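Q: this one's sequence-less:
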C-alpha cells in the first residue's frame, strides 16, 4: 500500500466527519433565501482546500453564486489537470418525504443520507482529500492540478459559464476531470462521453385582473388554467413526441453503432420500472427506453400551479396559471434556438381571452459529446478497469453539466467524468444518499488516475 | 316613517359595528384549521339573534359545520317564512392582493372591505336587524319567521342538505327567503329564478414513487403533469365546449322566450370585459356571454398543482400532479351522473405509465328553477319596484345555492332571493366589499316584504 493510500485509510473517519459537516450547509442555489448558505459552502470548501495543502485558494465572484479556485503547480514537465465539481445542491422539498432531515446527515447501513450526498458534495470532496494525502505524505502531487468548484450547477451555471470564458488563463489545462456524475453499478464503471444540453423556461398565463367566482364568470370568460393546459398539451403528442415545429431539426440521429453501444449496456427494464414504482415506460416512439433517456431530446414539465391548491373546494376562476419547463438537448441542438421555437409555438397556440408570456429562465447548457478514443478516456478507463474488475461502458447521460461544454469551447479541453455516485441514490429527490464504499473507491481512483497521467502523459 | 324604520335609522352605527365584529371572525369553511372560527361565527350569530328578541335560538350540529336556528311564531293566522343565509366565507388567499387584510374590516368610500362583506355576512345580518327593529318597537313581527343560517355554503353545504331533510318539521314554512345573492345594479333589482347546480371533483395523477431527476428519467417514463394536462385538455374543445360524452344530454335547451328574457337584461359587454381586465369573452360557441354565464353548464378548473413552484429552476420530474374541477349544472342535469361521466372520461383518456384517480369532493347542488309567476316573486317584486323605482328583471345566476333545491325537495317550498350585494363586489376574490347604501336599502326591503306578506298573504 502506498503512503497516500495508507494516509487515506487512517484518516477515513475524519474524511466522513468532513463530508457530514459539508452536507450540513443548506447550499441550495435556486431560491434567493439560501444565498448566504451557498457562500458558506464556498468558504467551507476553500478552508478545506487550504488545510489539504492546495495553494492559491480563493473564493471568486462570478456575478452569481461564487466559485472556489486553488492549484498546485510544482510538477515540472507533467500535464496539468483541471478538477471540477459543485458545492451547491437542489432544493429539498417536499421535506415531509425525507426519512431524516435533508441537512442533518445520517449514516444508515453504510450510506450517508443528506441532500447533496452524491450530487455533488461527497464526490467533489474526494479529489481534495486525495490531494491532501499526497501532499501530507510525499510533499508533492504526481501532476499539476487546478481545482475549480462552482455554486450554481443545479441552476444551470448561469454566471459560471461566463466566468470560465473570463478566466481562460487561470483555468488553462490539458484535460478536465469532473467529479460530478455517477457509475452504472457497484461493480461496473462507465466513461461518460455525452451529456444533454438544457434550456429552462416558464410560461405565465394571465386572465382577469383578480380571482373570480367560478359560478358567476365560469363559461363567460377564459380560465387561465384551461388556457395553460391547452398550450402545454399542444407541445407533445399523446405518445410523448415533442410537437414544437423544428424541435428535432438539428438532432444528430443515432447511428446503428450508437444504438448497439447503448444496447450493450446491461439494462433490466422490469427492475428499473419496479424500482421507480411505475407500470410502464413512456416516451417518444421508435426508441428504446435508454435511447430516450440518454440520447434523445426531451421537453418535461417541472412544475405547474394556479388557483386553489388547499383541502376541499374553492369555486374560483383564477386570475393566472404558471408552468416551468426544461428541455434536455442533444447534439447539435442550440439552446437559444430551441427556446425561441417554443416561445413562437406558445404565442401561436395561445387561446383568446388570456395574455400569455414565455420567459427563458437562468441556466442553459449546450449538449456535449466526447470522442470515445480520447487519451483521457484511455487513462481513466484503464484505472477503472483495474479497480472494478470490469472495463467501463462508454455511455451518455440525460443530465446536463453545462461547464463541460464551456471547458471545450473556452479552454479547448475535453472532460473525463470521474465520480462515484450510483443512479439509484435519489439525486434531486427525497432521501438522497451516497454509499460510503463508493466514497472510498473514489479516493483510490483519483490517486491512481493522477499517477497514471504522470507516468504515461496525455 | 314607521317605528321599525326609525329604529333602524337610529341604530345604524350599531348595526355597522355589529357587521364589522361579525366580519372579523375568519369563518372559512374550506380548510380544517378554521373549524373553530366557523363555530365562533355560529355562536356570534346565535347571540345576535337572541339579542334581537328571536326565540328558540340554538346552534345545531349538522355533522359538519353547525347551523343556527331561531324563530318567532306568534303571528296567528299569518304565513310562515323561512329566512336563509350563511355565516361561512371563502378562503382569503392570495392575501398579498388585499388592500386591507381580509379579516380586519375597513370602511372606505361608503364600502366595507372584508372577506364575507357581501357573501354573505352583510346580507344575512339584515333580517336579524329588521326583526329586532319590529320586536323592540312594536313587540311583534308582522308574520311568523323561522331563521336558518348555515356554516358550509361555500363548500357546497355537504351536511346541511341532510340536515334540512332531517329537520322537516322544524323548518316547515310557506316560503323561503334567501339572504344570499345580489342585485343587478344600484337602481336595478332582480328576482332570481334559476341557480346552477354544482359538482366538485379532484383528479390526482401519480407516477414514480418519488420525485426524480428530469435529466436522468425525462423522456423515459411518464411525467404526471403531462398526463394531467392531457386529461384536462381532453375535457373541453379549443373553443370552450365540454367534450365529456353525455355532459349535455339532460340539459333543457333555452327557448326563444328564455333567450329573449336574458337579452332584455341590460348588459354592456365592453364594460364588463374592461372591468375584468380581459380583451375578449370566451366560451361555448352558439351562445351569448350572459347565456353562457347564466344558463349553460360549465366545467372549470379551480386549481392545479404539481412539481416545483418556487423561484428559478428545479430540474425535477415530479411524482404527482393534481387538479380541482367544479362543474356548474343547469336543469335537468343530475350532479352524480355528471360526476360519473367525468370519472369515466378520465379513466378512458388516462395515458399509460401513470395511476389516475378521480374523487368527488364534498358539496354538490342540484340546479334550481322557479316559476316566474310564483306568489313570492309577486310580493317581493312589488316591494323592490317601489324601493328601486324600476321593476325587477327575472334572471338566472351562474352560482349555486344548494339548500334552495333542498327546501324545494324536502320542505316543498320555493325560495325568493332577497339580497343586496352587487356583482362587482369581488365575491370569492381579494378586496371583497359591500356598499353600505345597499345594506340600508336591504333593511327597508326585508321589513316591507314581511308587512306585504302579512297584508296580502301568499
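A: That came in fine, so what should we check first? Keep in mind it's a predicted model, so treat the numbers as computed, not measured.
Q: Which strand residues bridge residue A:416?
A: Beta-bridge partners for residue A:416, by DSSP bridges, are residue A:177.
Q: which stretches of chain A aren't confidently modelled?
A: Counting by pLDDT under 70, chain A contains no low-confidence residues.
Q: just checking, what's the longest helix in it?
A: helix A:436-456 (DSSP state H).
Q: roughly how far out does that one sit from the chain middle?
A: Relative to the centre of its chain, helix A:436-456 is centred 22 Å away, using C-alpha atoms, centre = their mean, to the nearest Å.
Q: Contact partners for the nearest residue in space to residue A:193 that is not next to it in sequence?
A: Spatial nearest neighbour of residue A:193, chain neighbours left out: residue A:370 (4.5 Å); criterion: C-beta to C-beta, 6 or more residues apart in numbering or on different chains. Every C-beta, even on glycine, is put in place using the N, C-alpha and C of the backbone. Residues in contact with residue A:370 (C-beta atoms under 8 Å, 6 or more residues apart in numbering or on different chains) are A:192-194, A:377, A:414-416.
Q: can you give me the strands for the stretch 101-250 of chain A?
A: A:106-108, A:111-113, A:144-150, A:175-178, A:182-183, A:190-195, A:197-206, A:212-213 (DSSP state E, counting those that start in this stretch).
Q: which one of those has the most crowded surroundings?
A: strand A:144-150 (a mean of 26; mean count of other C-beta atoms under 10 Å in any protein chain shown).
Q: list the helices and strands that strand packs on?
A: The elements that strand A:144-150 packs onto, with contact taken as 3 or more C-beta pairs under 8 Å, 6 or more residues apart in numbering or on different chains; DSSP states H and E, are helix A:35-52, strand A:67-72, strand A:80-86, helix A:122-137, helix A:168-171.
Q: Could you export these as CSV, including distance to chain B and mean neighbour count?
A: CSV is the format used below for the helices and strands packed on strand A:144-150 (distance: least, C-beta to the nearest C-beta, whole Å; neighbours: other C-beta atoms under 10 Å in any protein chain shown):
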stretch, distance to chain B, mean neighbour count
helix A:35-52, 12, 19
strand A:67-72, 18, 23
strand A:80-86, 14, 25
helix A:122-137, 15, 24
helix A:168-171, 25, 14
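Q: Put together JSON lines for the ones you listed, with distance to residue B:247 on each row.
A: Output for those, formatted as JSON lines (distance: least, C-beta to C-beta, whole Å):
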{"stretch": "helix A:35-52", "distance to residue B:247": "50"}
{"stretch": "strand A:67-72", "distance to residue B:247": "58"}
{"stretch": "strand A:80-86", "distance to residue B:247": "52"}
{"stretch": "helix A:122-137", "distance to residue B:247": "55"}
{"stretch": "helix A:168-171", "distance to residue B:247": "63"}
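Q: and the helix or strand that contains residue A:258, is it in reach of chain B?
A: Secondary structure from DSSP states H and E places residue A:258 in helix A:256-264. No: judged by C-beta under 8 Å from any C-beta of the partner chain, helix A:256-264 stays clear of chain B, getting no closer than 12.4 Å.
Q: again with stretch A:100-116
A: No: shown here: stretch A:100-116 not in contact with chain B (C-beta under 8 Å from any C-beta), separated by at least 12.2 Å.
Q: From one end of that stretch to the other, what's the distance?
A: Distance between the boundary residues of stretch A:100-116 (C-alpha to C-alpha, to the nearest Å) amounts to 14 Å.
Q: cool, stretch A:291-303 as well?
A: 25 Å.
Q: so how far is that stretch off the chain centroid?
A: Counting by C-alpha atoms, centre = their mean, stretch A:291-303 comes out at 14 Å from the chain centroid.
Q: go on, stretch A:413-429?
A: Using C-alpha atoms, centre = their mean, the distance from the centre of stretch A:413-429 to the centre of the chain it belongs to is 8 Å.
Q: Assign a three-state SS to the spatially closest residue to residue A:30 that is not a sequence neighbour, would you?
A: In space, and not counting its chain neighbours, residue A:30 is closest to residue B:312: 4.1 Å by C-beta to C-beta, 6+ apart. Under DSSP: H, G, I helix; E, B strand; the rest coil, residue B:312 falls in the coil class.
Q: give the contact list for residue B:312.
A: Neighbouring residues of residue B:312 by C-beta under 8 Å, 6+ apart: A:30-31, A:155, A:361-362.
Q: Then residue A:127?
A: When contacts are counted by C-beta under 8 Å, 6+ apart, residue A:127 touches A:83, A:85, A:145, A:147, A:177, A:179, A:446.
Q: what sits against the third one?
A: This means residue A:145. A:54, A:71-73, A:80-83, A:127, A:131, A:450.
Q: and if we set it to 10 Å?
A: Contact partners of residue A:145, counting by C-beta atoms under 10 Å, 6 or more residues apart in numbering or on different chains, are A:54-55, A:70-73, A:75, A:78-83, A:127, A:130-131, A:134, A:173, A:177, A:450.
Q: Can you lay out the contacts of residue A:127 as CSV showing distance to residue A:382?
A: Output for the contacts of residue A:127, formatted as CSV (distance: C-beta to C-beta, whole Å):
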residue, distance to residue A:382
A:83, 19
A:85, 22
A:145, 20
A:147, 23
A:177, 14
A:179, 19
A:446, 14
